[in-house]
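Enquirer: My questions concern the predicted model and sequence given below.
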Amino acid sequence: MGLQFDPTNYQAQLDEKHERLTKLLAPFDAPAPVVFSSPSEHFRLRAEFRLWYENGQPYYAMFEEGDKRKPVFIDQLPIASERINALMGPLLEACKSDPVLGRKLFQVEFLTTLSGDALVSLCYHRPIDEQWDAAASRLATTLDVQLIGRSRGRKRVPGRSHVLEELEVAGRTWRYQQEEGSFTQPNGQVNRHMLEWAMDAVGDNSDDLLELYCGNGNFTLPLSTRFRRVMATELSKSSVRSAIENLEMNGVSNVTLVRLASEEVTQALTGVREFRRLQGIDLSGFDFGTVFVDPPRAGLDPATLELVQRYQRILYISCNPDTLASNLEILNQTHRITRCALFDQFPYTHHMESGVLLERR
């Protein structure tokens with residue numbers, strides 16, 4: 001059976017999110033949020049399934065939150081991309097018929113793109129070797145996917161370990177390398193809305209952009225067209241590697257990428273500490289007028305809050321409206337909200353993505 005959900009209730013749940021965000025932003029005299037909806041089905045580009053065995057046969061399974069004993073068997077997942085749904089059956093049948101692929105397989109992870117690329121990670125409770133590589137390569141050719149095998153902390157990659165996404169944003173097509181295991185936006189259509197809103201919010205500028213938490217360059221690439229120069233920072237090594245590849249693949253030359261945590265950026269820009277990773281980079285040569293942040297769910301730490309208040313404009317994308325509201329209690333002392341938006345990245349859940357543009361009072 002498939003996941004039980006009701007697309008006819010989509011607008012009602014989106015209205016509830018709109019009301020919640022509006023209430024959270026009301027103390028800061030924010031304008032009404034612009035709402036960007038999601039497709040009601042086939043919007044999620046990633047999916048992860050445990051395998052549950054009955055009478056020796058594997059089934060895709062999901063569980064109610066907090067209960068790992070009663071599996072819900074899944075044949076199709078309406079919220080997942082059409083590509084994931086098309087792959088689920090043939091992949092499982094192939095693993096059933098070939099013990100090299102199916103023995104002690106306990107988890108399957110799908111990563112797809114709007115442009116049709118797909119990568120599947122197969123996770124095992126046993127070692128896998130060159131024999132698995134050969135079987136996986138044959139199946140990858142048959143299904144037209146990339147396959148990765150994982151077992152006991154090891155990874156086997158007979159093909160490539162990433163997918164390639166193409167996003168048309170404000171009339172230009174951007175290409176992204178998205179690495180397996182690294183963060184990517186799960187809802188591709190809403191991601192496009194986020195990128196276009198961010199570009200429109202900042203407008204055209206003759207000064208520079210400071211970007212914290214840049215990831216694989218999802219926002220960096222389109223925003224680079226709106227500024228003279230960009231300094232983008234990210235701590236994750238795999239994300240930095242993908243960001244470098246994405247900058248080169250798209251011919252972006254006005255971005256300086258630095259592998260630093262947000263607190264380290266604060267120390268560097270305030271002159272508290274020098275970093276070898278900044279050798280050859282003249283920080284004084286930047287003229288930052290806007291800072292862009294897309295932090296984790298915990299929001300901005302006190303030092304980063306103090307840092308971003310130094311700039312004329314703050315563009316803030318948040319995956320947690322509660323920590324956004326908490327951060328705004330500080331930011332509202334020096335800046336006012338001039339634009340805000342709700343992005344429904346996660347339909348049928350209480351989670352939501354939001355964005356605000358703040359300008360110095």
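Expert: Alright, I've got the coordinates.
Enquirer: hey, C-alpha coordinates of stretch 159-174 in CSV?
Expert: Extracted as CSV, the C-alpha positions of stretch 159-174 are listed here (Å, rounded to 0.1, in the frame of the first residue of the first chain):
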residue,chain,number,x,y,z
GLY,A,159,30.0,5.0,-11.1
ARG,A,160,29.7,8.6,-9.7
SER,A,161,28.7,9.7,-6.3
HIS,A,162,26.6,12.6,-7.3
VAL,A,163,23.6,13.7,-9.4
LEU,A,164,23.5,16.7,-11.7
GLU,A,165,20.6,19.1,-11.4
GLU,A,166,19.6,21.8,-13.7
LEU,A,167,17.5,24.7,-12.5
GLU,A,168,16.1,27.5,-14.5
VAL,A,169,16.1,30.6,-12.4
ALA,A,170,15.2,34.1,-13.6
GLY,A,171,15.7,33.1,-17.2
ARG,A,172,19.1,31.4,-16.8
THR,A,173,19.8,27.7,-16.4
TRP,A,174,22.2,26.7,-13.6
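Enquirer: Tell me which residues of it come out buried.
Expert: Applying a neighbour-count criterion of 16 or more other Cβ atoms under 10 Å, one finds 161, 162, 163, 164, 165, 167, 169, 174 buried in stretch 159-174. C-beta: built from backbone N, CA, C; applies to glycine.
Enquirer: which one among those gets closest to residue 61?
Expert: Using Cβ to Cβ, residue 163 is the member of those that lies nearest residue 61, at 24.6 Å.
Enquirer: and the gap between residue 5 and residue 78?
Expert: 6 Å (Cβ to Cβ, to the nearest Å).
Enquirer: about what we covered before: quick one: which two of the buried residues of stretch 159-174 are the most distant?
Expert: 161 and 169 (25.1 Å).
Enquirer: Bridge partners for the nearest residue to residue 311 once chain neighbours are set aside, pull those for me.
Expert: If the residues on either side of it in the chain are set aside, residue 311 comes closest to residue 291, at 4.5 Å by Cβ to Cβ, 6 or more residues apart in numbering. Beta-bridge partners for residue 291, by DSSP bridges, are residue 210, residue 314.
Enquirer: what does residue 61 give?
Expert: With DSSP bridges as the rule, residue 61 is bridged to residue 50, residue 73.
Enquirer: all helices for the stretch 251-361 of the chain, in order.
Expert: 262-269, 302-308, 321-331 (DSSP state H, counting those that start in this stretch).
Enquirer: Can you check which of the ones you listed gets nearest to residue 95?
Expert: helix 321-331 (40.3 Å).
Enquirer: so residue 263 touches residue 301, yeah?
Expert: Yes - with contact defined as Cβ atoms under 8 Å, residue 263 reaches residue 301; the gap is 6.5 Å.
Enquirer: want to throw the helices of the stretch 251-361 of the chain into JSON lines with mean neighbour count and mean pLDDT?
Expert: Output for the helices of the stretch 251-361 of the chain, formatted as JSON lines (neighbours: other Cβ atoms under 10 Å; pLDDT from 0 to 100):
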{"stretch": "helix 262-269", "mean neighbour count": "19", "mean pLDDT": "84"}
{"stretch": "helix 302-308", "mean neighbour count": "18", "mean pLDDT": "92"}
{"stretch": "helix 321-331", "mean neighbour count": "18", "mean pLDDT": "97"}
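Enquirer: For residue 84, find the nearest of the ones you listed.
Expert: helix 321-331 (28.1 Å).
Enquirer: Scan the helices and strands of the chain for the one with the lowest mean pLDDT.
Expert: helix 262-269 (a mean of 84; mean pLDDT, DSSP states H and E).
Enquirer: List the contacts of that one.
Expert: Helix 262-269 is contacted by residues 210, 212-213, 233, 258, 260, 272-275, 278, 283, 293, 295, 300-301, 303-304, 306-307 when judged by Cβ atoms under 8 Å, 6 or more residues apart in numbering.
Enquirer: Show me just the buried residues among those residues.
Expert: Buried among the contacts of helix 262-269 (16+ other Cβ under 10 Å): 210, 212, 213, 233, 258, 260, 278, 293, 295, 300, 304, 307.
Enquirer: closest to residue 97 among those?
Expert: Closest to residue 97, out of all of those and judged by Cβ to Cβ, is residue 213, at 43.9 Å.
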